[in-house]
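K.L.:
Below are the sequence and a predicted model for it; my questions follow.
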Amino acid sequence: MTEVLKIPAVFVRGGTSRAILFHSSDLKDFSFDQIDSILLTVLGSPDKGGRQVDGLGGGFSSLSKAAIISPSTTPGIDVDFNFAQIDIQTSFVDWSGTCGNISSAVGPFAINEGLVELTKPVTEVTVMALNTGKKFVARVPVSDDGPSPAGDFVIDGVPGTASKITLQFDDPGGTLGKGVLPTNSVVDHINIPSGAVYRASIIDAGIPTIFVLTEDFNYQMSSVVEELDNDLETKSILEAIRCKVAVMLGLARDAKTAHTKSQALPKIVLIESKNEYIARDKQKINCEQIDLRATAISMNQAHRTYPVSVSMATAVAAHVKGTLVSELVEKITEGELSIGHPNGVMKVGVDVSENTDGWSVPSVTIFRTSRTIMEGKVIVPISKLMAN
């Protein structure tokens with residue numbers, strides 16, 4: 001009797017994240033629950049020690065991801081992208097959100113797998129993100145051999161240089177079907193169980209995101225980001241706010257359910273005015289380089305860089321008058337935003353407009369790099385399929 005499964009997979013870096021990518025045809029014989037078990041086993045979850053030492057995960061939310069890519073049956077769409085965020089310490093797999101960083105790996109994967117025809121010098125891949133129902137176009141530099149890994153483009157948080165992949169997200173606003181401002185307010189006052197009230201701006205573009213001001217908490221952004229992970233008081237308050245908003249947005253029936261079943265949505269971000277600081281890679285970030293500072297929380301961890309999907313919401317919020325984000329930025333360049341995050345700077349191009357129906361976001365453009373690290377087969381013990 002066969003004791004293990006050997007399943008074709010590709011291990012990739014997309015932007016500042018890593019993930020295991022599967023072709024849908026290689027998972028077609030498994031149930032949804034079995035696929036969850038496969039992803040947990042491959043990434044090394046659950047691991048109460050937080051290291052994912054028995055898998056390919058890296059112990060951080062940005063390094064514990066997976067996706068299933070399939071040829072699309074929708075006219076005008078090349079491939080469908082179904083993203084999964086795998087919790088590190090529990091057996092929870094969240095399919096509710098998407099990942100902008102791993103989006104940059106979808107185009108190269110589709111080209112390498114023969115899902116789209118290679119066209120030099122740049123191959124365009126039109127992708128449907130199934131989790132959000134939103135489309136994006138990946139423009140991937142290629143040679144006769146496939147996606148070109150070499151280039152001179154740099155993104156903070158990734159050592160070295162690589163070829164520049166352009167991601168254009170079309171109409172990324174309103175992933176929940178409630179518009180860019182899902183509560184119809186630029187600033188909400190969130191009551192948490194302790195009785196405290198916190199100001200928040202809730203923006204849905206790319207992914208539903210909550211923005212709160214650092215000045216309303218004891219946490220100092222001048223501290224290293226690891227200190228936020230150890231600041232249980234601040235993290236507890238942020239999670240209470242996040243869970244309350246999840247209920248407000250209809251993502252969970254109550255705060256307890258939001259904490260356990262809606263860990264990936266919504267995201268929450270601490271923001272403050274721009275200032276000089278030293279990034280994690282020891283580079284000095286000057287005020288002239290950024291429009292504001294921000295630290296995102298993902299799966300109850302402080303993000304070491306900045307999620308692409310959250311960067312979309314941040315750029316939109318900066319251009320929507322009256323939000324906490326827009327009140328922080330000074331003399332912002334129309335259609336652009338430079339975000340200072342723990343590992344450097346992320347630049348976002350955004351098209352935002354206001355009309356009689358509210359705010360709309362025709363497109364957001366972000367530049368990333370990607371690398372295929374490994375192609376092969378992951379080995380999954382049969383006993384693991386239902387053990388998680």
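P.N.:
Okay, I see it.

K.L.:
Please make it C-alpha for all contacts and neighbour counts, starting now.
P.N.:
OK.

K.L.:
Would you map the helices across the stretch 1-150 of the chain?
P.N.:
Listed in chain order, the helices of the stretch 1-150 of the chain (DSSP state H, counting those that start in this stretch) span 32-43, 100-112.

K.L.:
excluding its backbone neighbours, what's nearest residue 141?
P.N.:
residue 122 (4.4 Å; CA to CA, 6 or more residues apart in numbering).

K.L.:
quick one, what contacts the residue sitting nearest the centre point of the chain?
P.N.:
The centre of the chain sits closest to residue 99, judged by CA atoms, centre = their mean, with a distance of 3.5 Å. Taking CA atoms under 8 Å, 6 or more residues apart in numbering as the criterion, residue 99 is in contact with 83, 307-309.

K.L.:
Repeat that for residue 126.
P.N.:
76-79, 135-138.

K.L.:
please redo it, this time with the cut-off set to 10 Å
P.N.:
Contacts for residue 126 (CA atoms under 10 Å, 6 or more residues apart in numbering) come out as 72, 76-80, 106-107, 116, 135-139, 167-169.

K.L.:
Just the buried ones from these?
P.N.:
72, 77-80, 106-107, 116, 135-139, 167-169 (16 or more other CA atoms under 10 Å).

K.L.:
avg pLDDT for stretch 75-85?
P.N.:
Across stretch 75-85, pLDDT averages out at 98.

K.L.:
Sorry, slip of the keys, the one I care about is stretch 308-319.
P.N.:
Here stretch 308-319 scores 97 as its mean pLDDT.

K.L.:
Likewise for stretch 169-181?
P.N.:
Summarised as a single mean, pLDDT over stretch 169-181 is 95.

K.L.:
Give me the contact list for stretch 224-231.
P.N.:
Outside stretch 224-231, the residues that reach it (CA under 10 Å, 6+ apart) are 218-221, 234-235, 278-280, 295, 297, 300-305, 341-343.

K.L.:
May I see the ChimeraX selection of the buried members of the residues you listed?
P.N.:
ChimeraX command restricting these to the buried ones, with burial defined by 16+ other CA under 10 Å:
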select :219,221,235,279,280,295,297,300,301,302,303,304,305,341,342,343
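
K.L.:
Might you specify the subset of the contacts of stretch 224-231 located within strands?
P.N.:
278, 295, 297, 301-302, 341 (DSSP state E).

K.L.:
I'd like to know which of those residues is nearest to residue 197.
P.N.:
Among the ones in strands among the contacts of stretch 224-231, residue 297 lies closest to residue 197 (CA to CA), at 19.5 Å.

K.L.:
Single out the most deeply packed of the helices of the stretch 1-150 of the chain.
P.N.:
helix 100-112 (a mean of 25; mean count of other CA atoms under 10 Å).

K.L.:
circling back to that earlier point, which ones among the contacts of residue 126 are found in strands?
P.N.:
Mapping the contacts of residue 126 onto strands (DSSP E) picks out 79-80, 135-139, 167-169.

K.L.:
Now stretch 91-105: average pLDDT?
P.N.:
96.

K.L.:
after the longest helix belonging to the chain comes which helix or strand?
P.N.:
Longest helix of the chain, by residue count under DSSP state H: helix 232-248. Downstream of helix 232-248, the first helix or strand assigned by DSSP states H and E is helix 255-261.

K.L.:
so what does that following helix touch, helix or strand wise?
P.N.:
helix 232-248 (3 or more CA pairs under 10 Å, 6 or more residues apart in numbering; DSSP states H and E).

K.L.:
Settle this for me: residue 84 is touching residue 63, isn't it.
P.N.:
No - applying CA atoms under 10 Å as the test, residue 84 and residue 63 come out as separate, 11.7 Å apart.

K.L.:
who touches both of the two?
P.N.:
With CA under 10 Å, 6+ apart, residue 84 and residue 63 have common neighbours 19-20.

K.L.:
More neighbours: these two, which one.
P.N.:
Higher neighbour count among residue 84 and residue 63: residue 84, with 24 against 21, using other CA atoms under 10 Å.

K.L.:
ok, for that one, nearest residue in space, not its chain neighbours?
P.N.:
Ranked by CA to CA, 6+ apart and with sequence neighbours excluded, the top spatial neighbour of residue 84 is residue 95, at 4.7 Å.

K.L.:
now residue 160
P.N.:
residue 154 (6.7 Å).

K.L.:
May I ask you to confirm that the one you found is in contact with residue 163?
P.N.:
Yes - here residue 154 reaches residue 163: they are 8.6 Å apart, a contact under CA under 10 Å.
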